[in-house]
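A.B. asks: Sequence and predicted structure, then a few things I'm wondering about:
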Amino acid sequence: MNVLIIEDEKALAYEVELFLSKNNYICEVCFNGTSASEKIAVNLYDFILIDLGLPDYEGLDLLKEAKKSRPEAACIILTARAEVNDRIKGLDLGADDYLAKPFSLLELQSRMQAITRRKFGLVNQTVDLDGFLVNLTDRTITHLSNTVSTITKKEFDLIAYLILHKNRTLTRAQLSEHIWGSVVNDDYDSNFIDAHIKNIRKKLSVFAATEWLETVRGLGYRIKTNV
Amino acid sequence: MKLKTKLTLFNAISKLVIVTLFVLLLPSIIENINRNYTDSRLIKQKDKLLQIVKDRGIKTYIEDGQSYGSYLPLKEEYISLDEVEPDYYADTIQNEPRLVERDTIGYRILSHTFTVDNKNYLLEIGKSTETIDDTTGPLQNIAFLILLGMILLTIIADQVYSNYILAPLSRIIRTKLVGAKFPSFTSYTQVKTSTSDFQHLDLSIHKMIGTIENAFQKEREFISNASHELMTPISILQSKIENMFEQEDIGDEMKVRMLEMQKILNRLKSITKTLLLISQIENEQFLKEDEISLTYMLQDLYEEISIRLQEKNIGYALALSQEVTLNNVNKFLLFNLLFNLVNNAIKYNKPDGTIIITGERVKNYYTININDTGIGIAADELPYIFNRFKKIKQSLKQDSFGLGLPIVKSIAAFHDIEIQVRSEQSVGSTFTLIIPAKLVKQ
């Protein structure tokens, strides 16, 4: 997958590039709108990540150009601009997703994977975790043709996010940012992730052992799988 | 009360007072006029008669000590001339009864004595008071009608003129103060008027709105800039930490320390995001176009918070009196409002406590009560709970930075929802949301 990262903040562009390269994306980086505009016109990309706050270019214009010359590319807007209208404008102009800074790189990757799933029409994406079949499309978990019906929406979100980043330790902060991201409140440190994991284990252990769901001491949680 | 109404009222009342006064005074005025008129007529008649006596001699009327008398057939007027004692003197006009052919009639009588050829004569000219009064009635009526007509005319004229002259004022109030919502950011349209006071008022309001708009604009720009300036470094730090977690040469001990950094960064992120949200709401950057079912929203909320209830083993009861749909709201914001209130009800609750949420329609608005069995709020702290970063004593123990209720307040104000709080220390608190009729789908 080819990714064009348009971000004037070099340190951030570098981190995004580093992260995506490690996850097998082929990245190109642009620090200004003019060179990005040229690159969009010449090269083929699967993903274009656009920062709206470019010094030399109106980010939304870049989005228009990209949508015009590369309609097949998925565009994700990354912005620190607080204006609510920007989000609406961006999505109206055909952006596939919108991430407000500061965002987690894991969140970025999960959005990109979601877009990939959508674009390539992966109808049934099922992951086998030692006998537990997790269907990410239907959002169901089955074990030996028994459906685990007690799993709540939040709990499934957690499992799906861990599967998406399988074999990687996710910290409580990262997990909680993913599942509580849309709520603005004044708590800190109390993310209730442990309670959720406890519940998930309790509900699944009725069917079979859940050793694939690991606690990484002092750090967080991880789903271990070879598939 | 409106200025126009006040003026109209004053106008009507003052006119009414004048009319009443006049009506009360009218009889005596008319009577007075009538009497004066009668008297001057009597004097004229006397002068005429004396002139005749002077020209033609007294013999024209009296011969050989006979007396002279004459009256009209209906006895409205009479004249009498008599010889009297030489030392008798009279020169008066007064009301007196007279017996005329068996009828006693009240007359206004002019009595006058004069001397001709060494003889003293008394002249009396009378006019019956009845005939005088006859003219009084119609005169009064005519005067009253003319007065009434004139008063009505002036009331109408005053009304029309005050309407005309006050029109620019009501236009200023309607378009610049009531209709306009701050910050309005609309261009200035001058209100046409020749009254310099209104011109001054219009211009001053315009200037003030301009100043306010400027301040708002600056605040918006500041927030936009500040967010960019703060969010980008936070974003870089967050990405760096996340990438470092992936690095193989970093040991577990270092990772735990990085985790601490991540937590602190998250705190910074939450505070910045929350402050931004509040200012975005206050700058009206959100749309109010959603239609939501309150039942569904509270169900979603329950899913969101059930894990927190479970942690403290708190009982949760929801009782809405009926299905209710809210429109012209912002779903995201409203959810956050309810989330923060219920989250507080959990946070400040005792273990094994309860939360009861009730909703009911009162007239055409809707009220939601969120009642908890928590630590409560002291009466002297109650006025400050909605202030930013104001941590009241009990909440210091909690993991919060004092922005939960400010979010609630901003969102409620944005939707014109009124919040009432009742609280008793160590018994619990009840937050009541009064949702105005315009948001409740009827």
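C.D. replies: Structure's in. What do you need? Numbers count the residues shown, from 1 in each chain, chains lettered A, B, ... in the order given.
A.B. asks: Would you map the strands across chain B?
C.D. replies: For chain B, applying DSSP state E gives strands covering B:68-71, B:77-84, B:91-100, B:103-116, B:119-128, B:290-293, B:315-320, B:325-329, B:354-362, B:365-372, B:418-424, B:428-435.
A.B. asks: can you give me the helices for the chain?
C.D. replies: In the absence of a named chain, chain A is used. All helices of chain A, identified by DSSP state H, fall at A:10-22, A:33-42, A:59-69, A:84-92, A:105-119, A:153-164, A:172-180, A:193-205.
A.B. asks: try again with chain B
C.D. replies: Ranges of helices in chain B, per DSSP H, are B:3-56, B:129-172, B:196-246, B:252-282, B:294-312, B:331-347, B:404-414.
A.B. asks: CSV for those, including mean pLDDT?
C.D. replies: CSV is the format used below for those (pLDDT from 0 to 100):
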stretch, mean pLDDT
helix B:3-56, 88
helix B:129-172, 86
helix B:196-246, 84
helix B:252-282, 85
helix B:294-312, 90
helix B:331-347, 92
helix B:404-414, 91
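A.B. asks: quick one, which of the strands of chain B is nearest to A:Asp61?
C.D. replies: Nearest to A:Asp61 among these is strand B:290-293 (29.8 Å), distances taken as CB to CB. To be clear about C-beta, it is placed using only N, CA and C from the backbone, and glycine gets the same treatment.
A.B. asks: Tell me which strands the closest one pairs with, and in which orientation.
C.D. replies: strand B:325-329 (antiparallel) (DSSP bridges).
A.B. asks: Residue nearest the middle of chain A, spatially speaking?
C.D. replies: Residue closest to the average C-alpha location in chain A (CA atoms, centre = their mean): A:Ser110, at 2.0 Å.
A.B. asks: what's the neighbour count on the residue lying closest to A:Ser110 once chain neighbours are set aside?
C.D. replies: Among residues not flanking A:Ser110 along the chain, A:Leu164 sits closest, at 5.1 Å (CB to CB, 6 or more residues apart in numbering or on different chains). Residues contacting A:Leu164 under the criterion other CB atoms under 10 Å in any protein chain shown number 18.
A.B. asks: swap in B:Asn225?
C.D. replies: 13.
A.B. asks: Equivalent analysis for the one 5 residues further on, please.
C.D. replies: For B:Leu230, the count of nearby residues is 20 (other CB under 10 Å).
A.B. asks: how far away is the closest residue to it other than its chain neighbours from A:Glu7?
C.D. replies: Residue nearest to B:Leu230 in three dimensions, not counting chain neighbours: B:Thr272, with 5.2 Å by CB to CB, 6+ apart. According to CB to CB, to the nearest Å, B:Thr272 and A:Glu7 sit 20 Å apart.
A.B. asks: Look at the two and report which has more neighbours.
C.D. replies: A:Glu7 (26 against 17).
A.B. asks: Could you find the closest non-adjacent residue to the more buried one?
C.D. replies: Nearest residue to A:Glu7, sequence neighbours excluded (CB to CB, 6+ apart): A:Ala13, at 3.9 Å.
A.B. asks: Next, the contact list for that neighbour, please.
C.D. replies: A:Ile5, A:Glu7, A:Val29, A:Phe31 (CB atoms under 8 Å, 6 or more residues apart in numbering or on different chains).
A.B. asks: Format those as a markdown table; extra columns: pLDDT and distance to B:Tyr68.
C.D. replies: As requested, the contacts of A:Ala13 are exported to a markdown table (pLDDT from 0 to 100; distance: CB to CB, whole Å):
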| residue | pLDDT | distance to B:Tyr68 |
| --- | --- | --- |
| A:Ile5 | 95 | 137 |
| A:Glu7 | 93 | 133 |
| A:Val29 | 95 | 140 |
| A:Phe31 | 94 | 135 |
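A.B. asks: Now flag whichever of these is closest to chain B.
C.D. replies: Distance to chain B, by CB to the nearest CB, is smallest for A:Glu7 among those, at 9.4 Å.
A.B. asks: Name all residues that make contact with that closest one.
C.D. replies: Taking CB under 8 Å, 6+ apart as the contact definition, A:Glu7 lies against A:Ala13, A:Val16, A:Val29, A:Cys30, A:Phe31, A:Leu49, A:Asp51, A:Leu78.
A.B. asks: Could you break chain A into its assigned domains?
C.D. replies: A:2-119, A:126-223 (automatic domain parsing).
A.B. asks: now the last one, how far from the centre of its chain.
C.D. replies: Read it as domain A:126-223. Chain-centre distance of domain A:126-223: 15 Å, with CA atoms, centre = their mean, to the nearest Å.
A.B. asks: ditto for the longest one
C.D. replies: For domain A:2-119, the distance from its own C-alpha centre to the chain's C-alpha centre is 13 Å (CA atoms, centre = their mean).
A.B. asks: Now the terminal residues of that domain, how far apart.
C.D. replies: Distance across domain A:2-119, first residue to last, is 15 Å (CA to CA, to the nearest Å).
A.B. asks: ok, back up a step: for the domains of chain A, give me TSV that also has distance to B:Leu334.
C.D. replies: Shown next, in TSV, are these (distance: least, CB to CB, whole Å):
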stretch	distance to B:Leu334
domain A:2-119	15
domain A:126-223	12
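A.B. asks: Between these, which one is closest to B:Thr211.
C.D. replies: Closest to B:Thr211 of the domains of chain A is domain A:2-119 (CB to CB; 23.3 Å).
A.B. asks: Now for residue 61: which residues touch it?
C.D. replies: Went with chain A since none was named. For A:Asp61, the contacting residues are A:Gly33, by CB under 8 Å, 6+ apart.
A.B. asks: that's the wrong chain, I meant chain B
C.D. replies: Residues in contact with B:Tyr61 (CB under 8 Å, 6+ apart) are B:Val53, B:Tyr68, B:Leu81.
A.B. asks: Repeat the analysis, applying 7 Å as the threshold.
C.D. replies: By CB atoms under 7 Å, 6 or more residues apart in numbering or on different chains, the contact list for B:Tyr61 reads B:Tyr68, B:Leu81.
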